[in-house]
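**Student:** Prediction below, plus the sequence it came from.
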There are 2 protein chains.
Amino acid sequence: MNIGEIASRAGVSRSTVSYALSGKRPVSDDTRRKIQQVIDELGYRPNASARALANGRTSTIGLVFPPAGNHYTGMQLDFIGSVVEAAAAHDHDVLLSPSGADSDRSFQRLLGERRVDGAILMEIRLEDDRVDHLTALDFPWVAIGRTGRPEDGWWVGLDHTALAAACVHHLADLGHRKVAFVNRPEQLLRAGYESAHRGLDGFTKAAAERGLTVRTYCCGDDAASGQACVEQILHDDPATTALVTLNEAALGGLYRALAQAGRHVPRDFSVTGVVAGRWAETVTPQLTAADVPAAEMGRRAVELLMERLDHQGAAPRHHLLAPPISLRASTGPAGATATA
Amino acid sequence: MNIGEIASRAGVSRSTVSYALSGKRPVSDDTRRKIQQVIDELGYRPNASARALANGRTSTIGLVFPPAGNHYTGMQLDFIGSVVEAAAAHDHDVLLSPSGADSDRSFQRLLGERRVDGAILMEIRLEDDRVDHLTALDFPWVAIGRTGRPEDGWWVGLDHTALAAACVHHLADLGHRKVAFVNRPEQLLRAGYESAHRGLDGFTKAAAERGLTVRTYCCGDDAASGQACVEQILHDDPATTALVTLNEAALGGLYRALAQAGRHVPRDFSVTGVVAGRWAETVTPQLTAADVPAAEMGRRAVELLMERLDHQGAAPRHHLLAPPISLRASTGPAGATATA
DNA sequence: CGCCTCTGTCGAACCGGTTCGAGGGAAGCT
DNA sequence: AGCTTCCCTCGAACCGGTTCGACAGAGGCG
């Protein structure tokens, strides 16, 4: 069943059916009604491939996220969900592409074969070959995250520097002097992931500013790594009284190791960091943290992309978000029993 | 840049280029090399829409999952990840569709507009209008989960009945007599979600068999609901010494409420259930549970779908999985201090 | 009454691939 | 040399939409 079938049943030409559907030229009420009736009867829907071929738009956007090798985190799920939903609101579909790099087969499929009108990139690196590639091709993209040269791109970012610094100030205000930083996995840091870098930067600078003694660690994206990481921290300096983490997936392990070491949170040890709100609430005590507004970021990314698609050549736009720290129950004043 | 461009630069006809690429007819080595060289030079990739239009296959599969209204759980993330990866291995893309029902706009887009060759459905209901609809249309689908009539469909399922029963037997063997069941949210149970129903069934029957006293609860998919649920359980019958849960997202809240009520896990209270392994490991003590093999299920679903696409009209196939309970640290013998 | 304008519809071309039938030319055979 | 066979390549039609230019007929105007 195709547009020709509809046309002949309604006694009109194919182009008239097309115009009746798109509204791009006037069609008499009579004709329109007749066509609509046939369409309703047969449940006709225009073929997406044919439409895409003819007008050059697929009404699909690509969501590029890193392959599962590195475990998925809850935050990524929130991004995916909100992007899909926002796209649906704009009558667009979302194609998932697990691509770490420029040269990925899947990435090439998206672009080269023109499966999507634009792309949203997750897990941005400071030097991101995907961004460079897309920019060179003048292919519409929006990043969730910022590269090292944020001025010439479209993105929705989190001010990791400021957020990590806020965590440090929060802890320093509570009197903590020896603080550890639990970063994302080492290979991500080495690969140049922006959250890992900017977070580390913000942490280090703020700590220096406040004269804190710090140690920084990388930690795998799972509970076991988190546990091992805290054991290492307490081994390296048992007088440590607080930590800041960007690593959502390790959170459960961090808490476990602290409990096993006999450090009560928040009495003996404070924990804070940058984590999506609903994951901060699953641990006990609930995590005082800068809540990553993942859903909002996904939604805004889609909106920027739609804007970019509608106005080719428009000047780059972006949003830098810096949510406040939500005070929950995992931080407290230093000193009570810490050095016991 | 299109196939005609390649053809003229290589000095051959468009059809020859097509055959050289698809291999569906022999092409001389000379010609093939010349064509390949031009293609490499220009970085040509055939347009996906045009190809889909011509041969009727989009090389895309739809992954239908419920809208975010009900929070996403970690398990769903694992499904999505493994489906995308398995599909990529078969040179297929994955289109995400947030559709609860048959009549969803997004669902209609997938099918009516022929955006995908087949669909994988998540969060199956015992009476599932999406399944009925697809079956009526003879549209290729594979479900992650079973409907009430599993014999005539393609699916990869988990034997929730057996798993919930295994949890009950495990607890009964440890001497527990009063056990609670923490199910998925009430609206999902009412809507007929299969895991909620079959899990409840298996729990209830096994408990009756072992002569246990039970209460069953529904619980929202978040920590706060889990906390409230345990409070209710302990209020309704303070002598309860164990619970079985299907609700991964509430797990943190369940633990919190137990701790706040002064029930030590596993000394005073045992917790078990059906939960994806890596989430079972984030809580302390780590959860003794039937680990949902989400990644394997996603992969198998894709493989079934590929099989179904390649052999239209083949007899339905399915896999029913029933992983064993992984003994971790959240269950123990009843009685020690339980009635204190 | 003739001319012009405006509205609504049509046919044809096009998007970029795939596929079918036909045919040119070299090789094999007698 | 003449015929068949086989290998390779070509042109044309097709997939199902969109869009452009053309044009018929109704209505307005002088």
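**Tutor:** Thanks, I have the structure now.
**Student:** Chain A: helices as residue ranges?
**Tutor:** A:3-10, A:14-22, A:29-42, A:48-55, A:74-89, A:105-112, A:129-137, A:160-173, A:186-191, A:194-209, A:223-236, A:251-260, A:277-280, A:294-310 (DSSP state H).
**Student:** Make TSV out of those helices and add distance to DNA strand C, mean pLDDT and mean neighbour count.
**Tutor:** C-betas here are computed from N, CA, C, even on glycine. Putting the helices of chain A into TSV (distance: least, Cβ to the nearest atom of the strand, whole Å; pLDDT from 0 to 100; neighbours: other Cβ atoms under 10 Å in any protein chain shown) gives the following:
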stretch	distance to DNA strand C	mean pLDDT	mean neighbour count
helix A:3-10	7	97	17
helix A:14-22	3	97	18
helix A:29-42	3	96	14
helix A:48-55	4	98	19
helix A:74-89	24	90	23
helix A:105-112	9	92	19
helix A:129-137	15	94	16
helix A:160-173	41	98	22
helix A:186-191	34	94	15
helix A:194-209	35	97	20
helix A:223-236	46	98	20
helix A:251-260	48	97	23
helix A:277-280	44	88	22
helix A:294-310	18	96	21
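**Student:** could those go into CSV alongside distance to B:Val265?
**Tutor:** Compiled in CSV, those are given as follows (distance: least, Cβ to Cβ, whole Å):
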stretch, distance to B:Val265
helix A:3-10, 63
helix A:14-22, 61
helix A:29-42, 59
helix A:48-55, 52
helix A:74-89, 23
helix A:105-112, 43
helix A:129-137, 45
helix A:160-173, 30
helix A:186-191, 33
helix A:194-209, 33
helix A:223-236, 16
helix A:251-260, 12
helix A:277-280, 21
helix A:294-310, 30
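**Student:** Figure out which of those helices is closest to B:Gly192.
**Tutor:** helix A:74-89 (22.7 Å; Cβ to Cβ).
**Student:** of all the helices of chain A, which lies closest to B:Val83?
**Tutor:** Using Cβ to Cβ, these put helix A:74-89 closest to B:Val83, at 12.3 Å.
**Student:** which residues sit against that closest one?
**Tutor:** Residues from elsewhere that reach helix A:74-89 (Cβ atoms under 8 Å, 6 or more residues apart in numbering or on different chains): A:61, A:63, A:65, A:93-94, A:96, A:120, A:122-123, A:144, A:248-249, A:275-276, A:278-279, A:292, A:294-299, A:301-303, B:67-68, B:72, B:74, B:76-77, B:80, B:96-98, B:105-106.
**Student:** mind checking how far it is from the chain centre?
**Tutor:** From the chain centre to the centre of helix A:74-89 is a distance of 9 Å (Cα atoms, centre = their mean, to the nearest Å).
**Student:** relative to helix A:251-260, how tilted is it?
**Tutor:** 150 degrees (axes from the mean of the first three to the mean of the last three Cα atoms, to 10 degrees).
**Student:** Is there proximity between stretch A:136-149 and chain B?
**Tutor:** No. Contact of stretch A:136-149 with chain B is not found when judged by Cβ under 8 Å from any Cβ of the partner chain; the minimum separation is 10.2 Å.
**Student:** Stretch A:229-243 now?
**Tutor:** No. Contact of stretch A:229-243 with chain B is not found when judged by Cβ under 8 Å from any Cβ; the minimum separation is 12.0 Å.
**Student:** Quick one: end-to-end length of that stretch, please.
**Tutor:** Taking Cα to Cα, to the nearest Å, stretch A:229-243 runs 11 Å from one end to the other.
**Student:** related to what we said a few turns ago, A:Arg317 is nearest to which of the helices of chain A?
**Tutor:** Nearest of the helices of chain A (Cβ to Cβ): helix A:294-310, 5.9 Å.
**Student:** What helices and strands are in contact with the closest one?
**Tutor:** For helix A:294-310, the elements it packs on are helix A:74-89, strand A:118-121, strand A:141-144, strand A:155-158, strand A:318-321, judged by 3 or more Cβ pairs under 8 Å, 6 or more residues apart in numbering or on different chains; DSSP states H and E.
**Student:** what angle do the longest one and helix A:194-209 make?
**Tutor:** I take that to be helix A:74-89. Using the same axes, to 10 degrees: helix A:74-89 against helix A:194-209 is 130 degrees.
**Student:** starting at the chain centroid, how far to stretch A:120-140?
**Tutor:** 14 Å.
**Student:** And it, end to end?
**Tutor:** OK, stretch A:120-140 end separation, Cα to Cα: 9 Å.
**Student:** cool, stretch A:324-333 as well?
**Tutor:** The first residue of stretch A:324-333 is 20 Å away from its last residue (Cα to Cα).
**Student:** Does chain B have contacts with that stretch?
**Tutor:** No. On the criterion Cβ under 8 Å from any Cβ, stretch A:324-333 is out of touch with chain B, staying 10.3 Å away.
**Student:** Give me the contact list for that stretch.
**Tutor:** Applying Cβ under 8 Å, 6+ apart, the set of residues contacting stretch A:324-333 is A:163, A:166-167, A:170-171, A:174-175, A:242, A:265-267, A:270-272, A:277, A:280-281, A:283, A:285-291.
**Student:** what bridges to A:Leu321?
**Tutor:** For A:Leu321, the beta-bridge partners under DSSP bridges are A:Leu158.
**Student:** And the pLDDT at it?
**Tutor:** We have a pLDDT of 97 for A:Leu321.
**Student:** got a list of what it touches?
**Tutor:** By Cβ under 8 Å, 6+ apart, the neighbours of A:Leu321 are A:156-159, A:293, A:296-297.
**Student:** That one and DNA strand D: what is the separation?
**Tutor:** 37 Å (Cβ to the nearest atom of the strand, to the nearest Å).
**Student:** re the thing from before, any chance of the helices and strands packed on helix A:294-310 in TSV, plus distance to B:Asp237?
**Tutor:** TSV is the format used below for the helices and strands packed on helix A:294-310 (distance: least, Cβ to Cβ, whole Å):
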stretch	distance to B:Asp237
helix A:74-89	33
strand A:118-121	49
strand A:141-144	47
strand A:155-158	46
strand A:318-321	46
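**Student:** Spatially nearest residue to A:Leu137, not counting backbone neighbours?
**Tutor:** The shortest distance from A:Leu137 to any residue other than its chain neighbours is 7.0 Å, reached at A:Leu111 (Cβ to Cβ, 6 or more residues apart in numbering or on different chains).
**Student:** nope, A:Val179 is what I was after
**Tutor:** Nearest one to A:Val179, counting by Cβ to Cβ, 6+ apart, is A:Ala242 at 4.8 Å.
**Student:** try A:Arg263
**Tutor:** A:Arg263's closest residue in space is A:Phe269 (Cβ to Cβ, 6+ apart), at 4.1 Å.
**Student:** since we're on the one you found, how many residues are nearby?
**Tutor:** A:Phe269 sits with 28 neighbouring residues when counted by other Cβ atoms under 10 Å in any protein chain shown.
**Student:** residue contacts, it?
**Tutor:** A:240-243, A:258, A:263, A:338.
**Student:** okay, the residues you listed in CSV with distance to A:Asp221 next?
**Tutor:** Output for these, formatted as CSV (distance: Cβ to Cβ, whole Å):
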residue, distance to A:Asp221
A:Thr240, 22
A:Thr241, 25
A:Ala242, 22
A:Leu243, 16
A:Leu258, 19
A:Arg263, 23
A:Ala338, 29
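**Student:** Just these: which are in strands?
**Tutor:** Here DSSP state E is the test, and the contacts of A:Phe269 give A:242-243 as lying in strands.
**Student:** Return the closest of the contacts of A:Phe269 with respect to A:Arg33.
**Tutor:** Closest to A:Arg33 out of the contacts of A:Phe269 is A:Leu243 (68.2 Å), distances taken as Cβ to Cβ.
**Student:** Contact partners for the closest one?
**Tutor:** Contacts of A:Leu243 by Cβ under 8 Å, 6+ apart are A:179-182, A:230, A:233, A:254, A:269-273.
**Student:** possible to save the residues you listed as JSON lines with distance to B:Gly11?
**Tutor:** Output for the contacts of A:Leu243, formatted as JSON lines (distance: Cβ to Cβ, whole Å):
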{"residue": "A:Val179", "distance to B:Gly11": "69"}
{"residue": "A:Ala180", "distance to B:Gly11": "67"}
{"residue": "A:Phe181", "distance to B:Gly11": "62"}
{"residue": "A:Val182", "distance to B:Gly11": "61"}
{"residue": "A:Val230", "distance to B:Gly11": "67"}
{"residue": "A:Ile233", "distance to B:Gly11": "68"}
{"residue": "A:Leu254", "distance to B:Gly11": "65"}
{"residue": "A:Phe269", "distance to B:Gly11": "74"}
{"residue": "A:Ser270", "distance to B:Gly11": "73"}
{"residue": "A:Val271", "distance to B:Gly11": "68"}
{"residue": "A:Thr272", "distance to B:Gly11": "67"}
{"residue": "A:Gly273", "distance to B:Gly11": "62"}
